[in-house]
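Peer 1: Attaching a predicted model along with its sequence, questions to come.
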Amino acid sequence: MRDLLLILDYDRAVSRMAVRKLRSERICCRIVPWDIDGETLLQDDPSGLVLCAATDTQDITIPAHVLNYPGPVLALGAAAAALNTALGGENGAYSPMSGLTEVDYSECPLLNGLTSGQRLLRGLTPMRPPEGAQMIATIGAERTVVGFSLGEARRFAMQLELEAHDPDSTRLLTNYALNICGCTPWWDDVAFVRQAMDEIRQATGDGNAVCMMTGGIYSNVAALLAAKALGDKLTCVFVDTGLLQDGRESDFFRFFSERTGIEIIHEDHRDRFLQALKGMKTPMEKRRTIESMLTDIRRDAQRSVPRLNAVIRGRSYMERLTQGEETAGVKAGVLCVEPLRDLFTEEVRQIGRYLGMPEDILSGQVTLATGLAMNIAGEVTAERLEILRTADRIFRRLMTENNQNRKLNAFFATLQHYGVGYTVSLQTVISSDTGLPRAARIPYDLLESAMEEIKAACPKVNRVVYDLTPYPTL
């Protein structure tokens, strides 16, 4: 088995928390769909599986090939009760709970170093474990089972949820990884970069590769990885859609040419994208149009590279989650390599730091290929792009000058047109460890300064507002 844990995703927030905790302890792990097919599971050949669900996750199904996997299986939250019935145990009715509950632990390798005490439990499904199981966690005088193990089968179930700032949650996961699955703590920046470069080299073979760049952090870091792996066997193409925030690409171009010596081919498609977006008003229309055009441009770029074996794409885990596994525009017989596919945004930035990328580039925000088009309500026009680009530049500068940028996941401006003028909405995103986004509390003086500067620079803007509505981010 490979020195790897697979995290089966029944709840996005819990899965992401588990991965962050494990990787912080240098355990290699990857999130996969809960219904991962048997062939992929055998091919990945992990050291163990972690079924991640919240306590109140509904309708959990455990596939037969997961249940019968020869390696260890740990089920968390509501997945624990599902594993119990799948193994022949019985469950009572689920009941929601609130507050802290006294939990008693029994001796078990999974619980080494954990002490009995109060734990957060948002819900409970009483379990009668299958024959031969050991009760390892109980609550109350009646000793209601919330955790059990089947030692020989190496099946473990814990209804207790992972908690963000709880060292016991981290210890439970590392106990499972190290003591039960036999993993070693090897995963770090050095190991990741070595693995990613090997993957890129193997896919490219004795041919060449192309990396399409759209100006965002993901494609920047992916391009730098590929450049270090391939040298002059890599062709980098920057597609200028005209939809980027102001000044996003110039600093990176300078850094990339100085540090790698590889020239970036700059293709100007601004007029082409603007013409294609004419009349498009809904986000879905605009996204499909932009993605279709990028696919066409990607095909054209591939035709210009001799002996092409690989296309390098910069997509993170969350971007793949929202976009799916598509490889549109990749020629038949050419491998699509996504070296950042399992990383979160903060991990992509960390890899960029390790590779020597300047902080002023890395501190930039995640930019999808759709760029500013999705931040304009209604049709995208040259005038609206210029107004939004100016307002966004002012807001970003003020946020950086006032040291607000480092504590936020994202901050940006959006534009609406209401007939008599434009309204600029300023938005910020800060995420908790559960992954739930919320707007940040920005100093009033900063917002007032932003309003004054934006109205002075953009005469057609008659309103500037701060939007408190939670906004998702990658």
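Peer 2: Cool, the structure landed.

Peer 1: Quick check: phi and psi on the residue minimising distance to the centre of the chain?
Peer 2: Residue closest to the mean C-alpha point of the chain, counted by Cα atoms, centre = their mean, is residue 318 at 3.1 Å. Main-chain torsions, residue 318, degrees, to the nearest 10: phi -70, psi -30.

Peer 1: what's around the residue lying closest to residue 447 once chain neighbours are set aside, how many residues?
Peer 2: Residue nearest to residue 447 in three dimensions, not counting chain neighbours: residue 466, with 5.4 Å by Cβ to Cβ, 6 or more residues apart in numbering. For glycine as for every other residue, the C-beta is placed from the backbone atoms N, C-alpha and C. Using other Cβ atoms under 10 Å, residue 466 has 15 neighbouring residues.

Peer 1: list the buried ones in the host helix or strand of residue 466?
Peer 2: Per DSSP states H and E, residue 466 falls inside strand 461-467. The neighbour-count check on strand 461-467 (16 or more other Cβ atoms under 10 Å) flags 461, 464 as buried.

Peer 1: Using CSV, write down the CA coordinates of it.
Peer 2: What follows is strand 461-467, C-alpha atoms only, in CSV (Å, rounded to 0.1, in the frame of the first residue of the first chain):
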residue,chain,number,x,y,z
VAL,A,461,-20.3,55.9,-10.2
ASN,A,462,-23.0,57.5,-7.9
ARG,A,463,-23.1,54.9,-5.1
VAL,A,464,-20.5,52.9,-3.3
VAL,A,465,-21.7,50.3,-0.8
TYR,A,466,-20.2,47.6,1.5
ASP,A,467,-21.9,44.3,1.0
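
Peer 1: Name the surrounding residues that touch it.
Peer 2: Here strand 461-467 makes contact (Cβ atoms under 8 Å, 6 or more residues apart in numbering) with 387, 391, 414, 420-427, 439, 442, 447, 450-451, 454-455.

Peer 1: Helices of the stretch 301-450 of the chain, start to end?
Peer 2: With helices called from DSSP state H, counting those that start in this stretch, the stretch 301-450 of the chain shows them at 317-323, 345-354, 359-362, 382-401, 444-457.

Peer 1: Give me the distance from the longest one to the chain's centre.
Peer 2: Which is helix 382-401. Distance, stretch centre to chain centre, for helix 382-401: 26 Å (Cα atoms, centre = their mean, to the nearest Å).

Peer 1: and what of the shortest one?
Peer 2: Using Cα atoms, centre = their mean, we find the averaged C-alpha position of helix 359-362 to lie 19 Å away from the chain's own average C-alpha position.

Peer 1: Can you point out the buried residues in that helix?
Peer 2: 361, 362.

Peer 1: What helices and strands are in contact with that helix?
Peer 2: Helices and strands touching helix 359-362, by 3 or more Cβ pairs under 8 Å, 6 or more residues apart in numbering; DSSP states H and E, are helix 217-230, helix 250-260, helix 345-354.

Peer 1: PyMOL command to pick out the buried ones of the contacts of strand 461-467?
Peer 2: Buried residues within the contacts of strand 461-467, by 16+ other Cβ under 10 Å, are selected in PyMOL with:
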select buried, resi 387+391+414+422+424+425+426+427+439+442+447+450+451+454+455
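
Peer 1: quick one on the thing from earlier: just the helices and strands packed on helix 359-362: most buried one?
Peer 2: Mean neighbour counts were taken over these using mean count of other Cβ atoms under 10 Å, and the top value, a mean of 25, falls to helix 217-230.

Peer 1: and the helix or strand that it is followed by, which strands flank it?
Peer 2: Moving toward the C-terminus from helix 217-230, the next helix or strand (DSSP H and E) is strand 234-240. Next to strand 234-240 in the sheet, as set by DSSP bridges, lie strand 208-213 (parallel), strand 264-268 (parallel).

Peer 1: Please export the C-alpha coordinates of whichever helix or strand comes after the last one as PDB.
Peer 2: Past strand 264-268, further along toward the C-terminus, the next helix or strand under DSSP H and E is helix 270-276. As requested, C-alpha coordinates have been extracted for helix 270-276 and formatted as PDB (Å, rounded to 0.1, in the frame of the first residue of the first chain):
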ATOM      1  CA  ARG A 270      -8.900  41.400 -25.500                       C
ATOM      2  CA  ASP A 271     -11.000  42.500 -28.400                       C
ATOM      3  CA  ARG A 272     -12.000  38.900 -29.200                       C
ATOM      4  CA  PHE A 273     -13.300  38.200 -25.700                       C
ATOM      5  CA  LEU A 274     -15.100  41.600 -25.500                       C
ATOM      6  CA  GLN A 275     -16.900  40.900 -28.800                       C
ATOM      7  CA  ALA A 276     -17.800  37.400 -27.800                       C
END
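
Peer 1: ok, and what's touching helix 270-276?
Peer 2: Contacts of helix 270-276 (Cβ under 8 Å, 6+ apart): 240, 241, 242, 243, 289, 290, 293, 380, 381, 382, 385.

Peer 1: could you dump the strands paired with strand 234-240 to CSV with distance to residue 58 and mean pLDDT?
Peer 2: Compiled in CSV, the strands paired with strand 234-240 are given as follows (distance: least, Cβ to Cβ, whole Å; pLDDT from 0 to 100):
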stretch, distance to residue 58, mean pLDDT
strand 208-213, 40, 90
strand 264-268, 48, 87
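
Peer 1: Quick check: which of those strands has the most neighbours on average?
Peer 2: Across the strands paired with strand 234-240, averaging neighbours per residue (mean count of other Cβ under 10 Å) puts strand 208-213 on top, at a mean of 24.

Peer 1: what's the angle between that strand and helix 217-230?
Peer 2: Angle between the axes of strand 208-213 and helix 217-230 is 160 degrees (criterion: axes from the mean of the first three to the mean of the last three Cα atoms, to 10 degrees).

Peer 1: in stretch 266-282, what's buried?
Peer 2: Residues of stretch 266-282 classed as buried by neighbour count (16+ other Cβ under 10 Å): 269, 272, 273, 274, 276, 277, 280.

Peer 1: which residues does residue 208 contact?
Peer 2: Going by Cβ under 8 Å, 6+ apart, residue 208 touches 230, 233, 234, 235, 305, 306, 307, 308, 309, 310.
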